[in-house]
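[1] With the sequence up front, the predicted model follows.
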Amino acid sequence: MTKTPFPRAGFFVRIGAIVYDILVILAVAMFAVGLALAVSVALHNLGVWVLAAEQDHGGRLSTNWLYRLYLLTVIVGFYVMFWTRGGQTLGMKAWRLRVQNTNGQTISKRQAVIRFFASLLGLGNLWVLFSKQKLALQDKAAHCEVVRLTPEANQFKNWRKPS
């Protein structure tokens, strides 16, 4: 196992990246909601999925478990895509952070999903404050690490998974 030359990221830079990513996730979620509403309207107009009395499209979707699963899939998919293709979300790129295996390789899709759910909506990062190794709860659960890159190393532009 080869150790990467970059130090592990501390608590405050992780929080900075999370704040930045929240803004991006809100934009992605708004697009996903708009798409779902458009599909709902189209299905209603085709007579496939008729609204109940005194119901609007937003009300119908908000109580639908398939819609909730769809939004969860969009959000998880966002993180899985970025973490497995270069190891950085847009917030991580701005703060020069990268999630990776300890040998420097990008994490797998399985690791990314484990990492997402183990993060407990970001609360898993509190673990860094008490960890001598600077590992968050999600890092431990997914067997990976978040490192702080140099400005030069942060210029990585190939979003394809390295071979």
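    Structure's in. What do you need?
[2] Helix or strand: which one has the residue nearest in space to the middle of the chain?
    For the chain, the residue sitting closest to the mean C-alpha position, by C-alpha atoms, centre = their mean, is Tyr79 at 2.5 Å. According to DSSP states H and E, Tyr79 maps onto helix 65-84.
[3] On the three-state scheme, Asn103 is what?
    Local secondary structure at Asn103 is given as coil here, using DSSP: H, G, I helix; E, B strand; the rest coil.
[4] Neighbours of it, how many?
    Taking other C-beta atoms under 10 Å as the criterion, the count of residues near Asn103 is 9. C-beta here means a position set from N, CA and C on the backbone, and glycine is covered the same way.
[5] Ignoring the adjacent residues along the chain, who's closest to Gly104?
    Thr4 (4.4 Å; C-beta to C-beta, 6 or more residues apart in numbering).
[6] quick one: contacts for the one you found?
    Thr4 is in contact with Gln100, Thr102, Asn103, Gly104, Val147, counting by C-beta atoms under 8 Å, 6 or more residues apart in numbering.
[7] Nearest to Gly91, out of those residues: which one, please.
    Gly91 lies nearest to Val147 out of these, by C-beta to C-beta, at 15.0 Å.
[8] list the helices and strands the lowest-mean-pLDDT helix or strand in the chain packs on?
    Lowest on mean pLDDT, DSSP states H and E among the helices and strands of the chain sits helix 57-62, with a mean of 84. Helices and strands in packing contact with helix 57-62 are listed as helix 11-45; criterion 3 or more C-beta pairs under 8 Å, 6 or more residues apart in numbering; DSSP states H and E.
[9] Counting by contacts, list what the helix it packs on packs against.
    The helices and strands touching helix 11-45, judged by 3+ C-beta pairs under 8 Å, 6+ apart, are helix 57-62, helix 65-84, helix 90-94, strand 97-100.
[10] The second one: how far from the chain's middle?
    The one in question is helix 65-84. On the basis of C-alpha atoms, centre = their mean, to the nearest Å, helix 65-84 sits 8 Å off its chain's mean C-alpha point.
[11] I'd like the distance between the residue of the chain positioned farthest from its centre and Pro7.
    Note on the chain: the largest C-alpha distance from the chain mean falls to Ala53, namely 37.7 Å (C-alpha atoms, centre = their mean). To Pro7, Ala53 is 61 Å away according to C-beta to C-beta, to the nearest Å.
[12] again with Leu71
    Taking C-beta to C-beta as the criterion, Leu71 is separated from Pro7 by 35 Å.
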